[in-house]
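>>> When you get a sec, could you give me coordinates for this:
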Amino acid sequence: MSLKHVNELLEQMDQPGVSGETIKTYLHSISPSAHVEVLTIQGNEGSTDFVRVLVPGVNGKSSGGTAPTLGVIGRLGGIGARPEMTGFVSDGDGALASMSAAAKLLDMKEKGDHLTGDVWLTTHICPDAPTLPHEPVPFMDSPVDITTMNDYEVMPEMDAILAIDTTKGNLVVNHKGFAITPTIKEGYILKMSNDLLQVYTQTAGILPVTLPITMQDITPYGNDVYHVNSIVQPCTATTSPVVGVAITAQTAVAGCATGATHPVDVEQTVRFSIEVGKRFGQGQCAFYDVDEFARMENLYGKMTHLQTLGKTAEVS
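Just a heads-up that it's a prediction; the model follows:
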């Protein structure tokens with residue numbers, strides 16, 4: 001069950017000496033031959049370890065197959081804010097969810113349950129990230145900038161992306177559990193995917209909860225406009241469709257708050273991601289309507305300028 005991996009990885013991540021190698025060792029304890037990459041990257045305010053895990057499918061592109069590849073990104077600033085805060089922070093839930101999904105998929109594969117398509121799961125591990133002022137509650141910052149995160153977490157192999165991010169520091173979604181966003185593709189905010197909504201009801205056991213996304217949210221960080229958080233920032237670095245999976249709370253909780261992780265809520269997002277992975281690789285889970293997207297572009301043109309910092313930033 002996924003909750004086992006969530007609990008075990010939370011124990012691994014909730015320590016000051018945790019690194020990407022810690023996570024790699026844990027995943028290799030499940031599947032010794034697992035493809036796990038760890039890349040240490042230095043930023044202006046410290047370093048972080050990017051972790052990338054490939055779970056091959058029986059018809060996956062990594063082995064010459066044709067099935068589409070799902071990307072699952074654990075998006076965050078850091079899993080800890082030491083020395084300012086002691087312990088695992090709320091913002092770390094994205095890393096916990098993505099790596100727990102990797103652990104469960106690897107465990108399934110070792111036991112003989114194989115997905116059709118490949119799944120790439122990426123995140124980064126930083127136990128001492130800085131914090132950042134934000135309303136209504138403080139954010140977690142990161143030792144590396146958003147462009148660097150996208151460079152190492154968004155991969156060209158990903159045909160569609162689920163971006164998991166703690167999204168508790170707001171007054172927009174007042175639900176304890178998780179919520180999903182509309183699909184974002186090349187500057188367009190598209191309608192909710194009916195297939196993803198169906199997977200939501202199956203895994204959460206309740207009616208779908210959705211996170212509103214604005215034009216500001218789908219533009220890159222660094223343009224001095226308000227973003228609810230970085231949940232859909234991968235959409236600025238890919239032509240593939242991106243859907244945010246927000247781990248939410250009923251009240252506003254700061255990203256740097258400790259003692260705020262609810263393993264059962266994280267486990268729900270893990271099961272959701274895995275079920276999407278099963279169906280997406282089989283061609284049974286569409287993130288968007290291809291024909292309608294083409295019509296939108298024919299009618300209104302490309303919106304890819306929203307994937308850039310904009311004219312003012314470019315001039316300055």
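>>> did I read that right, residue 17 in a helix?
No. With DSSP: H, G, I helix; E, B strand; the rest coil as the criterion, residue 17 is located in coil rather than a helix.
>>> Contact partners for residue 221?
Residues in contact with residue 221 (Cβ atoms under 8 Å, 6 or more residues apart in numbering) are 145, 146, 227, 230, 233. Where C-beta positions appear, they are placed from N, C-alpha and C, glycine not excepted.
>>> Just the closest of these to residue 157, please.
Comparing those against residue 157 with Cβ to Cβ places residue 233 closest, at 18.7 Å.
>>> Where does pLDDT dip in the stretch 51-200 of the chain?
Across the stretch 51-200 of the chain, the ranges flagged by pLDDT under 70 are 134-135, 137-138.
>>> Compare the contacts of residue 221 and tell me which is most surrounded.
residue 233 (26 neighbours; other Cβ atoms under 10 Å).
>>> Can you check the pLDDT for that residue?
For residue 233, the pLDDT comes out at 97.
>>> roughly how far apart are it and residue 163?
8 Å (Cβ to Cβ, to the nearest Å).
>>> any residues in contact with both of the two?
Common neighbours of residue 233 and residue 163 (criterion: Cβ under 8 Å, 6+ apart): residue 75.
>>> out of the contacts of residue 221, who's nearest residue 120?
residue 233 (17.1 Å).
>>> isn't that closest one right up against residue 149?
Yes. Counting by Cβ atoms under 8 Å, residue 233 does reach residue 149; the two are 7.4 Å apart.
>>> Spit out the residues that contact these two alike.
Joint contacts of residue 233 and residue 149 (Cβ under 8 Å, 6+ apart) are residue 75.
>>> Quick check: phi and psi at residue 32.
With angles defined as degrees, to the nearest 10, residue 32 sits at phi -60, psi -30.
>>> ranges for the helices of the stretch 51-200 of the chain?
Assigned by DSSP state H, counting those that start in this stretch, the stretch 51-200 of the chain shows helices spanning 93-111, 146-153, 194-204.
>>> Can you give the contact residues for stretch 261-279?
Residues contacting stretch 261-279 (Cβ under 8 Å, 6+ apart): 2-3, 5-7, 10, 70, 72, 88, 90, 92-93, 96-98, 100-101, 104-105, 115-117, 119, 162, 164, 176-178, 195-196, 199-200, 202-204, 245, 247-248, 285.
>>> pull the CA atoms of it into CSV?
The C-alpha trace of stretch 261-279 is given here as CSV (Å, rounded to 0.1, in the frame of the first residue of the first chain):
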residue,chain,number,x,y,z
THR,A,261,2.1,17.1,6.9
HIS,A,262,-0.8,14.7,6.9
PRO,A,263,0.4,11.4,5.5
VAL,A,264,-3.1,10.3,4.5
ASP,A,265,-3.6,13.4,2.4
VAL,A,266,-0.2,12.8,0.7
GLU,A,267,-1.1,9.2,0.1
GLN,A,268,-4.3,10.2,-1.7
THR,A,269,-2.2,12.2,-4.2
VAL,A,270,0.1,9.2,-4.6
ARG,A,271,-2.8,6.9,-5.5
PHE,A,272,-4.2,9.5,-7.8
SER,A,273,-0.9,9.9,-9.6
ILE,A,274,-0.4,6.1,-10.0
GLU,A,275,-3.9,5.6,-11.4
VAL,A,276,-3.3,8.4,-13.9
GLY,A,277,-0.1,6.7,-14.8
LYS,A,278,-1.9,3.4,-15.5
ARG,A,279,-4.5,5.0,-17.7
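>>> as a whole number, average confidence for that stretch?
98.
>>> And that stretch, what's buried?
The neighbour-count check on stretch 261-279 (16 or more other Cβ atoms under 10 Å) flags 261, 263, 265-279 as buried.
>>> Among those, which ones are in helices?
Using DSSP state H, 263, 265-279 are the members of the buried residues of stretch 261-279 that sit in helices.
>>> how about the strands in the stretch 101-250 of the chain?
Taking DSSP state E, counting those that start in this stretch to define them, one finds strands in the stretch 101-250 of the chain at 119-125, 131-132, 139-140, 160-166, 177-180, 184-185, 188-189, 242-248.
>>> Would you mind giving these as CSV with distance to residue 30 and mean neighbour count added?
Below are the strands of the stretch 101-250 of the chain laid out as CSV (distance: least, Cβ to Cβ, whole Å; neighbours: other Cβ atoms under 10 Å):
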stretch, distance to residue 30, mean neighbour count
strand 119-125, 13, 28
strand 131-132, 33, 16
strand 139-140, 28, 24
strand 160-166, 20, 28
strand 177-180, 24, 22
strand 184-185, 32, 26
strand 188-189, 37, 20
strand 242-248, 23, 28
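>>> Residue 43 is nearest to which of those?
strand 119-125 (10.4 Å).
>>> same for the closest one, what does it pack against?
helix 20-30, strand 46-55, strand 70-75, helix 93-111, helix 146-153 (3 or more Cβ pairs under 8 Å, 6 or more residues apart in numbering; DSSP states H and E).
>>> possible to save the strands of the stretch 101-250 of the chain as CSV with distance to residue 212?
Output for these, formatted as CSV (distance: least, Cβ to Cβ, whole Å):
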stretch, distance to residue 212
strand 119-125, 25
strand 131-132, 22
strand 139-140, 19
strand 160-166, 15
strand 177-180, 9
strand 184-185, 12
strand 188-189, 10
strand 242-248, 10
